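A.B. asks: kindly generate the corresponding structure for this input.
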Amino acid sequence: MKKFVLGDIHGNFKAFQQCIKLSKINKDNDLLIVVGDVVDGLPQTRECIEELLTFKHLIFIKGNHDKWFEIWGKVGIKKWCWANKWGQQKPSLWIKQGGQATMKSYGGHHTNIPKSHLDLIINAPLYYIDDENRVFVHGGFDWHKPIEKEEPDNLMWDRDLFAFMEKQHSKTSEKIYTQYKEIYIGHTQIQAPYPLHYCNLWNMDTAAGWNGSLTIMDIDSKEFWQSDLVGKLYPIYMGR
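C.D. replies: Residues are numbered from 1 along each chain as shown. Down below sits the predicted model:
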């Protein structure tokens with residue numbers, strides 16, 4: 001079994017298809033770990049989730065956009081309103097951040113979401129630790145405490161861990177920070193046209209939901225493959 005990690009998809013089905021083809025991942029035998037945010041951005045969220053469900057060995061980590069989608073899927077727009085430490089978040093914020101495209105892909109109403117699609121998001125873990133002590137999370141975490149004690153919102157939203165690793169990388173690129181052998185994240189869009197490796201952290205979000213590409217990587221060999229840029233795949237869409 002080969003093990004692959006995939007960055008934030010954000011409704012970019014064409015890019016997802018290219019990554020599958022280029023990497024030659026085997027849907028029946030290989031493991032695919034997605035670091036979250038399959039929804040919001042490009043117009044084919046429904047197709048992306050349907051494609052994920054065809055993988056026999058899949059670990060999908062919940063991202064902040066996936067959480068927004070989950071709430072919409074459960075209660076719809078009219079009943080949606082919740083608070084967290086960042087203040088009151090309303091559906092208008094989600095819609096502006098790519099939710100409009102996601103709604104459209106399901107015909108504009110949450111009751112059109114297949115149960116299997118919503119279940120994938122609802123049941124998605126907030127992090128995953130493999131048998132080699134490599135951790136996969138959408139946003140980040142406070143590495144001074146056990147990850148299982150971290151606030152759920154921080155796991156989906158944190159950018160401090162990536163910022164810390166970026167600063168430390170300039171001092172010593174080989175040092176391992178945190179109790180984990182390797183860390184794989186998404187969430188923080190990077191400008192580099194390839195996944196960034198800072199110390200023992202890999203950032204896989206190469207802006208597939210904006211104007212960049214989607215990246216898939218063999219976790220063991222570190223070989224990676226990338227889709228075409230958004231502008232080539234969806235020339236009439238702006239992404240998020």
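A.B. asks: the spatially most central residue of the chain: what secondary structure?
C.D. replies: Centroid check for the chain by Cα atoms, centre = their mean gives G36 as the closest residue, at 2.4 Å. Following DSSP: H, G, I helix; E, B strand; the rest coil, we place G36 in the coil state.
A.B. asks: which non-adjacent residue is nearest it?
C.D. replies: In this structure, G36 finds its nearest non-sequential neighbour in G63, 2.7 Å apart by Cβ to Cβ, 6 or more residues apart in numbering. Any C-beta I mention is one placed from the backbone N, CA and C, and that applies to glycine too.
A.B. asks: mind listing what the one you found touches?
C.D. replies: Contact analysis of G63 by Cβ atoms under 8 Å, 6 or more residues apart in numbering lists 8, 35-38, 138-139, 156, 186-187.
A.B. asks: returning to that earlier point: ok, the residue nearest to the centre of the chain to W143 distance?
C.D. replies: Distance from G36 to W143, counting by Cβ to Cβ, to the nearest Å: 19 Å.
A.B. asks: where does pLDDT dip in the protein?
C.D. replies: Within the chain, the ranges that satisfy pLDDT under 70 run 81-90, 170-174.
A.B. asks: quick one: the helices in it?
C.D. replies: Taking DSSP state H, the helices of the chain run over residues 13-23, 45-52, 64-75, 91-94, 100-105, 115-122, 152-157, 160-169, 230-233.
A.B. asks: redo those as a markdown table? Include mean neighbour count.
C.D. replies: Output for these, formatted as a markdown table (neighbours: other Cβ atoms under 10 Å):
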| stretch | mean neighbour count |
| --- | --- |
| helix 13-23 | 21 |
| helix 45-52 | 21 |
| helix 64-75 | 23 |
| helix 91-94 | 17 |
| helix 100-105 | 21 |
| helix 115-122 | 16 |
| helix 152-157 | 19 |
| helix 160-169 | 17 |
| helix 230-233 | 17 |
